[in-house]
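Q: Please find the sequence and the predicted model below.
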Amino acid sequence: MTTIIQRPDVAVIVLTRNAGRLWPEWIKALQHQTVQAGRYLVIDSLSEDHTAELAAAAGLEVQRIHPRDFSHGGTRQLATELCPDAEFLVYLTQDAILKQADSLEQLLKHAADDSQVGMVYGRHLPRADADHLERHARGFTYPATSSVRDRDSFKTLGYRAAFASDVYAVYRASALRSIGGFPEHIIVSEDSYVAARLLLAGWKTVYSAESTVEHSHRYSLVQIFRRYFDVGYSMRRNSP
């Protein structure tokens, strides 16, 4: 029998728009977690399918916004402000399926073990239909070994010290507030921006290989180019 861990100090947040065929599986995986969060918040950008209805039927709180008001940083900051009582904020995307029943438990454990940990992100595993390029990218970016980073990590890792992914991550709310939260206007890489700010402010970040989600894409080479162009532009705009 699975032991359910009550965590009223945790809010689970997901940003959605037309989540499609993966959404029922996403909800089912969340419902089978060993951690019971105090709040489950869906920020939905006026989905035209059944995303919002299925979320509400599953007991998740749904807040709807207009798509023109969405931004990667600003919308996550809105969600943060809507959960003022949460000590830990778990962010997920609609296509990241929790792979283990204890995924959230393992992710939160790192933050509980060290009060200086400001954020933890988990391991992404490729879907069964992922191509070779995507499998290679997942294996390189999300290895089988966990790691802890601090400000000194910039000396050895350079920019890679600040790499993070809020496709699946938990933030300590007090740490996030201490650096001013998510940036309001940023086209991509808000997660690495926040991780860099946390490290520079003296917090630690953790990559947890023990906590997994299934998450990959089938991008064309043109889509991959556009994505990394945007990443490079974001890094250039925020180079300090």
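A: Received it, and whenever you're ready, just let me know what you need.
Q: Now do the same contact list for the spatially most central residue of the chain.
A: In the chain, the residue lying closest to the centroid (C-alpha atoms, centre = their mean) is D166, at 2.3 Å. Applying C-beta atoms under 8 Å, 6 or more residues apart in numbering, one finds that D166 lies in contact with R76, Y91, T93, Y121, E190, D191, V194. (C-beta placed from N, C-alpha, C; glycine too.)
Q: Helices along this protein, start to end?
A: 23-31, 51-57, 72-82, 103-113, 132-141, 153-157, 173-178, 190-200, 221-237 (DSSP state H).
Q: roughly how far apart are A196 and Y159?
A: Distance of A196 to Y159, given as C-beta to C-beta, to the nearest Å: 8 Å.
Q: between those two, which one's more packed in?
A: A196 (22 against 11; other C-beta atoms under 10 Å).
Q: For that one, give its distance to P126.
A: For A196, the distance to P126 equals 27 Å [C-beta to C-beta].
Q: Between which two of the contacts of D166 is the distance greatest?
A: Within the contacts of D166, two members stand farthest from each other by C-beta to C-beta: T93 and V194, at 15.5 Å.
Q: higher neighbour count, the two?
A: Using other C-beta under 10 Å as the criterion, T93 and V194 rank with V194 on top: 28 against 16.
Q: Quick check: the more buried one touching A175?
A: No: the criterion here is C-beta atoms under 8 Å, and V194 misses it with A175 at 9.3 Å.
Q: Please enumerate the shared neighbours of those two.
A: When C-beta under 8 Å, 6+ apart defines a contact, the residues bordering V194 and A175 alike are M119.
Q: where does this protein dip in pLDDT?
A: Low-confidence segments of the chain (pLDDT under 70): 1, 188, 216-240.
Q: Need the contact partners of stretch 46-53.
A: Under the criterion C-beta under 8 Å, 6+ apart, residues 16-20, 23, 42, 44, 62, 64-67, 94 lie in contact with stretch 46-53.
Q: ends of that stretch, how far apart?
A: 11 Å (C-alpha to C-alpha, to the nearest Å).
Q: Likewise for stretch 84-91?
A: Using C-alpha to C-alpha, the end-to-end distance of stretch 84-91 comes out at 15 Å.
Q: for stretch 106-125, same thing?
A: Chord length of stretch 106-125, first to last residue, is 16 Å (C-alpha to C-alpha).
Q: buried sites along that stretch?
A: For stretch 106-125, burial by neighbour count (16 or more other C-beta atoms under 10 Å) applies to 106-108, 110-111, 117-125.
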